[in-house]
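> return a 3D structure for these sequence lines:
(one chain, ligands or ions: 1)
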Amino acid sequence: MAEELVKIPDLGGDGGEVVEINVAPGDRISAEETVLTVESDKATMEIPSPVTGKVIEVLAKMGDTVSEGMDMLRIEVEGSAASEPEAREATPVPAAQPEPVAAPAVEAAVETASQTIEVRVPDIGGDRAPVVEISVAVGDEIQADDALITLESDKATMEVPSTHAGKVTALHVNMGDELGEGDLVVTIEVQGAVATPVSAPAPVAEKPAPVSAPAPVAQKPAAPAAAAPVAAPTTGGVVYAGPAVRRISREFGIDLTQVKGTGPKSRILKEDIQNFVKEQLAKPATPAAAVAGSGIPAIPEIDFSQWGEIEILPLNKLRQIAAENFQRSWLNIPHVTQHDEADITELEAFRKAQKAIAEAKGVRLTPLPFLLKAAAYALREMPQFCSSLSADGTSRILKKYINIGIAVDTPDGLMVPVIKDVDHKGLWELAAECAELADKARNKKLKPAEMKGGCFTLSSLGSIGGTGFTPIVNAPEVAILGISKAAIKPHWNGSEFVPRLMLPLSLSYDHRAVNGAEAAHFAVLLSTLLADIRKLLL
Ligand code: CAO
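Alright, predicted model coming up:
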């Protein structure tokens, strides 16, 4: 066993900053195993050990700026007979920092209308490397030095920039293609004079080529990445991470922009990926409908137990479905609610007068059947309320039938059975059907067909209380009538205040299908009909 001093190899350029130390004293490492990760303004490089052995000391520190010849590692080399410590340089990293490209000989400033330029992979240090990101598409207008693709070898992540500004006319690579020096990346149509590449300046030819015969200029490979660390594959955000971390993130489908880096400059370390995966696994699954497609930021998850005792109760299926429906409707429909009041003093007097007959018939006559009749009348008068918008929003589908849903509060959640052909049914029939459907809803006896085909919905909280609310439209319907608790109010009849029973109405509507004036007319029509139910006969 012999001790060796391993030095930093040629990194190209002025060296770089140590952003990750991958070994510790006492570690047994193999030749080619990464010792340090160094980041320059051009590339991220992993520096391997040239020998197999046991690490005695890591001589470079996090944040050090290192360059060729500096001490990196003291190592006890396995299988060596030498007795004296010797110094050796780590084998230069093959793909760490491509050499700058020699000035192209054939490139010249050419005065011409447009030219086709081929951009190829520059010298990337010998090895071939797979394409891990394609940053342009055919038709894109790009600037000189814009990243075209990103290559990632075992040792480095590199962007291949464009040599010229122009329009991409052909893309010659696919994700995963293994590329090496000279491979064709894109063809670009360049307008006007073709200047020499910005990233690899070369002398301009003294004589421009004749305009009449603009020969396509074969481009020398572009210079390697001019920009700092590349963006994560899935987003445009800049992420600091070494090739190994990027490789793991791709294997696990992790968006690096979501990972909090704890290294210098918020660099993402392997431990950060491990912690991220652990956190994700510990999270409960988010219901897809909560955010799917909405594009709105999710409400942050909070541990409420930090403030006291809590209990977590799962929502039953009905509540989950209702929640999805409410959210879908609320997110898709521009809601407006029109509030009004109906004087139901006479209606209530009539209803009470029917009590004995109702009892004889075994029916409870609440205000609801009257509201159904009034709504059916108004829907016939104003058919835009009895419609749905086509999915593409270009037409209105008028329904020539009048089916009205009634919101029923049940112990398991909200259900909306639909009363069919309300306009053809009398008060007693409607009262009986309301009671029957509400009873079925509460006893989970409703059939799917009994909850379908509605044109409009009534949501009555009148038996509970309240002076108004903003019901959510039961999409794809375009309006819903909320009913609150009737109350005696002083009403000015022109000469004096008289007590009248006023019923609060809250008409929510889809403002894409109904405008405000129409909604006000509809609410006024309902109030008028309820104030004098004889008008329902007209
Ligand atoms: N103002 C004053 N009293 C009212 C009233 C109103 N607007 N509406 C009903 N009442 C009275 C009824 O007249 C009845 O009293 P009487 O027996 O003395 O006549 C009492 O309140 C109870 O009525 P009810 O609730 O049993 O019957 P209903 O026909 O009014 O309503 C139903 C039936 C199924 C709509 C109702 O029970 C229900 O479930 N409502 C909840 C709807 C809901 O949850 N909506 C919110 C949905 S989310 O937007």
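
> I'd guessed Met382 sits against Ala519; true?
No: in this structure, Met382 is not within contact of Ala519 by C-beta atoms under 8 Å, at 9.5 Å. Backbone N, C-alpha and C define where each C-beta goes, glycine included.

> give me the phi and psi for the closest residue to the ligand within the chain.
For the chain, the residue closest to the ligand is Gly462, as judged by C-beta to the nearest ligand atom, at 1.9 Å. Backbone torsions for Gly462, taken as degrees, to the nearest 10, come to phi -60, psi -30.

> next one: Phe522
The phi/psi pair for Phe522 (degrees, to the nearest 10) is phi -60, psi -40.

> same check, this time on Glu141
phi -90, psi 120.

> next: Pro411.
phi -60, psi -30.

> skipping adjacent residues, who's closest to it in space?
Closest residue to Pro411 apart from its sequence neighbours, by C-beta to C-beta, 6 or more residues apart in numbering: Arg442 at 7.2 Å.

> give the contact list for that neighbour.
Counting by C-beta atoms under 8 Å, 6 or more residues apart in numbering, Arg442 touches 408, 410-411.

> need those residues in a markdown table (columns: pLDDT, neighbour count and distance to Val173).
Output for the contacts of Arg442, formatted as a markdown table (pLDDT from 0 to 100; neighbours: other C-beta atoms under 10 Å; distance: C-beta to C-beta, whole Å):
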| residue | pLDDT | neighbour count | distance to Val173 |
| --- | --- | --- | --- |
| Val408 | 97 | 20 | 61 |
| Thr410 | 96 | 15 | 60 |
| Pro411 | 93 | 8 | 61 |
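
> got the residues of this protein near the ligand?
Residues of the chain that fall close to the ligand, judged by C-beta under 6 Å from any ligand atom: 366-368, 406-409, 414, 434, 438, 459-463, 471, 483, 485-486, 503.

> confidence-wise, which helix or strand of this structure is lowest on average?
The weakest-scoring helix or strand in the chain, judged by mean pLDDT, DSSP states H and E, is helix 288-291 (a mean of 45).

> tell me the mean pLDDT for whichever helix or strand comes after it?
Next along the chain after helix 288-291, taking DSSP states H and E as the criterion, comes helix 317-332. Helix 317-332 comes out with an average pLDDT of 94.

> go on, stretch 171-181?
90.

> circling back: now the residues of the chain next to the ligand: which count as buried?
With neighbours counted by 16 or more other C-beta atoms under 10 Å, those contain buried members at 366-368, 406-409, 414, 434, 438, 459-462, 471, 483, 486, 503.

> now do the strands in the stretch 401-538 of the chain.
Applying DSSP state E, counting those that start in this stretch to the stretch 401-538 of the chain gives strands spanning 404-406, 408-410, 413-415, 418-419, 456-460, 479-483, 487-492, 497-510.

> please read the previous query as pertaining to the stretch 101-250 of the chain.
114-120, 129-134, 141-142, 147-152, 156-161, 166-171, 178-179, 184-191.

> may I have the first one exported as PDB, CA atoms only?
Only the C-alpha atoms of strand 114-120 are listed here, as PDB (Å, rounded to 0.1, in the frame of the first residue of the first chain):
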ATOM      1  CA  SER A 114     -30.700  34.200 -46.900                       C
ATOM      2  CA  GLN A 115     -28.400  31.300 -46.400                       C
ATOM      3  CA  THR A 116     -28.700  27.800 -44.900                       C
ATOM      4  CA  ILE A 117     -26.400  27.200 -42.000                       C
ATOM      5  CA  GLU A 118     -25.800  23.800 -40.500                       C
ATOM      6  CA  VAL A 119     -24.900  23.700 -36.800                       C
ATOM      7  CA  ARG A 120     -23.000  20.700 -35.500                       C
END
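
> which one of Met382 and Ala519 has more residues nearby?
Neighbour totals were compared for Met382 and Ala519, and Ala519 leads with 22 against 17 (other C-beta atoms under 10 Å).

> ok so, going back, right, and the strands of the stretch 101-250 of the chain - which one's nearest Ser527?
With C-beta to C-beta, the closest approach to Ser527 among the strands of the stretch 101-250 of the chain belongs to strand 141-142: 60.4 Å.

> and for stretch 301-319, what's in contact with it?
Contact partners of stretch 301-319, identified using C-beta under 8 Å, 6+ apart, comprise 283, 323, 410, 412-415.

> now, which of the residues you listed sits nearest Gly192?
Lys283 (54.3 Å).

> how far away is that closest one from Ser305?
Distance of Lys283 to Ser305, computed by C-beta to C-beta, to the nearest Å: 16 Å.

> what of Asn275?
Separation of Asn275 from Ser305 (C-beta to C-beta): 22 Å.

> quick one, which of the two is more surrounded?
For Asn275 versus Ser305, neighbours defined as other C-beta under 10 Å are more numerous around Asn275 (14 against 10).

> tell me what the helix or strand hosting the more buried one is packed against?
Counting by DSSP H and E, the element that carries Asn275 is helix 270-282. The elements that helix 270-282 packs onto, with contact taken as 3 or more C-beta pairs under 8 Å, 6 or more residues apart in numbering; DSSP states H and E, are helix 243-251.

> tell me how far the helix it packs on lies from the chain's centre.
The chain centroid and the centroid of helix 243-251 are separated by 22 Å, computed with C-alpha atoms, centre = their mean, to the nearest Å.

> read off the pLDDT value for the residue nearest to His491 when sequence neighbours are not counted.
Among residues not flanking His491 along the chain, Arg500 sits closest, at 4.1 Å (C-beta to C-beta, 6+ apart). Here the pLDDT value assigned to Arg500 is 98.

> isn't Arg500 right up against Ala342?
No: contact criterion C-beta under 8 Å: Arg500 and Ala342 do not qualify, at 10.0 Å.

> and these two? which has more neighbours close in?
For Arg500 and Ala342, the more surrounded residue by other C-beta under 10 Å is Ala342, and the numbers stand at 25 against 19.

> so where's the stretch 151-300 of the chain shaky on pLDDT?
155, 193-238, 264-265, 284-294 (pLDDT under 70).

> can you do 50?
Low-confidence segments of the stretch 151-300 of the chain, defined by pLDDT under 50, are located at 196-237, 287-292.

> ok, and the closest non-adjacent residue to Lys444?
Per C-beta to C-beta, 6+ apart, closest to Lys444 is Asp412, 7.2 Å.

> show me the contacts for the one you found.
Each residue near Asp412 by C-beta under 8 Å, 6+ apart is listed here: 316, 318-319, 444.
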